[in-house]
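K.L.:
Predicted model and sequence below, questions to follow.
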Amino acid sequence: MYRYDQYDHQIIQERVAQFRDQVRRRISDELTEDEFRILRLQNGLYMQRHAYMHRIAVPYGMLSSKQMHMLAHIARKYDRGYGHFTTRQNIQYNWIKLEEAPAILADLATVEMHAIQTSGNCVRNISSDQFAGVAADEIIDPRPYCEILRQWSTFHPEFAYLPRKFKIAINGAVEDRAAIGMHDIGLTVVKNDQGEIGFRVMVGGGLGRTPLIGATIREFLPWQHALTYIEAILRVYNQHGRRDNIYKARIKILLKALGAEEFARQVEAEWVDLKDSEATLTVEELQRVAACFTAPAYLTLPASDAAYEQEKATNKAFANWVMRNVKAHKVPGYAAVVLSLKKTGVPPGDITADQMDFVADLADRYSFGELRSAHEQNLILADVRQADLVSLWKEAKAHGLATPNIGLLTDMICCPGGDFCSLANAKSIPIAGAIAERFDNLDFLHDIGEIELNISGCINACGHHHIGNIGILGVDKDGSEWYQVSLGGAQGNDIAVGKIIGPSFSAGQMPEVIDRILQVYVRERTEDEKFIDTVRRLGIAPFKEYVYATPIKTELQHGEDAYA
Amino acid sequence: MRNIIKDHQIVADDWNVLRLEEGQTPESVAVPAGKVLVPLKVWQAQHAALVLRADVGVWIDSDEGAEALKEDAAKLPLIAVNFPKFADGRGYSIAYNVRSRLKYAGELRAIGDVLRDQLFYMQRAGFNAFAVREDKDINDALKGLSDFSQPYQNSTDIKAPLFRRVHRDGASA
């Protein structure tokens, strides 16, 4: 994992001091709320429905056990004893006092963490593959590039007041687990025919009101030029992105208006002066940063552990967990483990302070003291010996973190929604809860197999509903909460935006809607066909037909209140 | 006469900023005598007369581009960039272009909604003078210039990124 040197420490300390003074000036009214708002957002502090929400950066999802303990401490000391992992691999707290926010940043700084640019119209936290460095299908570990970009984007003087937020993701594997196509810039680490390392550059992806998949503007960018090329993209965007309408301010709208070819031409023209400037990356710097991401001290182990195989063969519950939550590792005898934050009854991504301390201890004992967060709102122990899986499973189970549902219906992505977020049009957590409760049968879930259900409480799409195989979007109709359903969305290499099946539903109808969709799937699927493939083969028509064929009874007139 | 920040000092300033009133056009507006900072559009419309004056500077608005001053930059005693709102970040790229593309070495001033917490970035993008919004304490604003000591990335002020400027320890886990 990256460790701060004296410069990183100094920059973070100066940030803490700066923000402490900004908070002081706000409290003494030297700064108006309007002036302060942008400053606090760039420190991750939002004003939400009930209190301030503080979003802490987890750069590319990497966490040390020490940092996780600190997150537990913050949950206890400054919040109500829990935190929420987000689809941007960050963590946020919902019950923060403004006066205490500087102290939170100071505490975070002691473990090399911060809240820099987790909000605001600037370059946000760089996100990546949660299995970076260990995935069996990895071409190149993307994390050194993520860290180099993190530093470059931190307090970039020219790009802190962009037309809109700006998200960059990097993938280094064959399979895209970082959803690069839905980012403002999506980079894939590739090797060219000469074996040189570079990036395929996608620009203009994003969800929200206008969901668009990014367009490739350059097939191969040698890695040395990553910073200057991104600078060129951002300069074009900063000057020409729309500022008259925040709904049309993302780079995707500029790219669409110009066309990918013209946009690429402008970037290349801007880049001419920058290419080979001093901002060009050096081998020394790449090596310095990459040295932080070298493999831990793996033991030489047989490819498969006998006792583990034995347990798998005889213990169905364990085998289920392994099937869903344990992922292949490139080193023989090791595995990556997904700790599910999707237990029924718990809002997706939520974790208590005690659980945070517990997973930090697990990481120390089983995974070289490191953890990762995934954009699906789960945690990962990336380097676990197969021989340790049984005991790890038992412990995780005892702490509610071993629900064997990764990739299944109840492994939902869900934003905080109307319960917390002041932007939301509708609640999302109770919808997730009602669906999870309705389908709380493991055999059924395993039979349905891989399916992505994503829920957003508003069109801003923090729950990534557009790219869920089933997407649920909360909408406001005449002052009450309704839910629009889409099918066919997907993340990964075949990233796609789902299609809306028809008129929206009340909260109380939603579990039945999902049930009907699944019934069509079960009836129509061919052997081993995944849900998304059935939808792709048949289109949405048969699903739509069946869902709307007969009225859906809802036991409550105002379903959304049933879960309030 | 108001004070501005220039080269890290608070100094008195005798430039007047001409802003077009409603009904005035760039062609017809009368440019007063004395040191005056005119809008780019006025500069362009009355170029023949204004280019002869040594006491005329030009301000660029956030939706305009530095390249419009390509031919004239070297002769101008002052170029300013207007921030209609402090959250409008186009002025940073304009400043970058004035310095990097036009190679302008004279006074580059931020005018308009110029606040303490933006000054550090403005200075890095190329501004060396700041007409801080008049309702704000300029002495307080001056502190904003020294919020950080060693930035990571290059910009107009520092051409080399941190990794080329200093020896950084090879951090390891």
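P.N.:
Ah, there it is. Numbers count the residues shown, from 1 in each chain, chains lettered A, B, ... in the order given.

K.L.:
Name the secondary structure element that contains A:Glu437.
P.N.:
Secondary structure assignment for A:Glu437, by DSSP states H and E: helix A:429-438.

K.L.:
Residues contacting that helix, please?
P.N.:
Outside helix A:429-438, the residues that touch it by CB atoms under 8 Å, 6 or more residues apart in numbering or on different chains are A:342, A:344-345, A:347-348, A:409-410, A:412, A:414, A:416-417, A:419, A:453, A:455, A:472, A:474, A:483, A:507, A:510-511, A:514-515, A:560, A:562-564. Just so you know, the C-beta spots here come from the backbone N, C-alpha and C atoms, and that holds for glycine as well.

K.L.:
can you check stretch B:20-33 too?
P.N.:
The set of residues external to stretch B:20-33 that reach it, using CB under 8 Å, 6+ apart, is B:16, B:18, B:38-39, B:41-42, B:44-46, B:49-50, B:55-56.

K.L.:
Return a PyMOL selection command for the buried portion of these.
P.N.:
The buried residues among the contacts of stretch B:20-33 can be selected in PyMOL (16 or more other CB atoms under 10 Å in any protein chain shown) with this line:
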select buried, chain B and resi 18+38+39+41+42+44+45+46+50+56
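
K.L.:
Return the subset of the contacts of stretch B:20-33 lying in strands.
P.N.:
B:Asn16, B:Val38, B:Pro39, B:Val56 (DSSP state E).

K.L.:
quick one, what contacts the third one?
P.N.:
Yep, that's B:Pro39 we're talking about. Counted by CB under 8 Å, 6+ apart, B:Pro39 has contacts B:Leu18, B:Arg19, B:Leu20, B:Pro26, B:Val58, B:Trp59, B:Asp61.

K.L.:
Apply 6 Å and report the result again.
P.N.:
B:Trp59 (CB atoms under 6 Å, 6 or more residues apart in numbering or on different chains).

K.L.:
Quick check, pLDDT for A:Asn125.
P.N.:
Here the pLDDT value assigned to A:Asn125 is 93.

K.L.:
Next one: the residue nearest to it when sequence neighbours are not counted from A:Val283, what distance?
P.N.:
Among residues not flanking A:Asn125 along the chain, A:Ala57 sits closest, at 4.7 Å (CB to CB, 6 or more residues apart in numbering or on different chains). Distance, A:Ala57 to A:Val283, using CB to CB, to the nearest Å: 28 Å.

K.L.:
average pLDDT across stretch A:164-184?
P.N.:
For stretch A:164-184, the mean pLDDT works out to 96.

K.L.:
Find the closest residue to chain A in chain B.
P.N.:
When distances are taken as CB to the nearest CB, chain B reaches nearest to chain A at B:Gly89, 2.7 Å away.

K.L.:
from memory that residue sits against A:Tyr161, does it?
P.N.:
Yes: between B:Gly89 and A:Tyr161 there is a contact under CB atoms under 6 Å: 2.7 Å.

K.L.:
Comparing these two, which residue is more hemmed in?
P.N.:
The residue with more neighbours, out of B:Gly89 and A:Tyr161, is B:Gly89; 27 against 24, by other CB atoms under 10 Å in any protein chain shown.

K.L.:
Which pLDDT value belongs to that one?
P.N.:
Reported pLDDT for B:Gly89: 98.

K.L.:
next one: A:Ala562
P.N.:
Reported pLDDT for A:Ala562: 37.

K.L.:
need the ones in strands among the contacts of stretch B:20-33 in TSV with pLDDT, can you?
P.N.:
Listed next are the ones in strands among the contacts of stretch B:20-33 as TSV, based on pLDDT from 0 to 100:
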residue	pLDDT
B:Asn16	97
B:Val38	98
B:Pro39	98
B:Val56	98
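
K.L.:
rewinding a little: quick one: average confidence on the helix or strand following the helix holding A:Glu437?
P.N.:
Counting by DSSP H and E, the element after helix A:429-438 in chain order, helix or strand, is helix A:442-448. The pLDDT scores in helix A:442-448 average 93.
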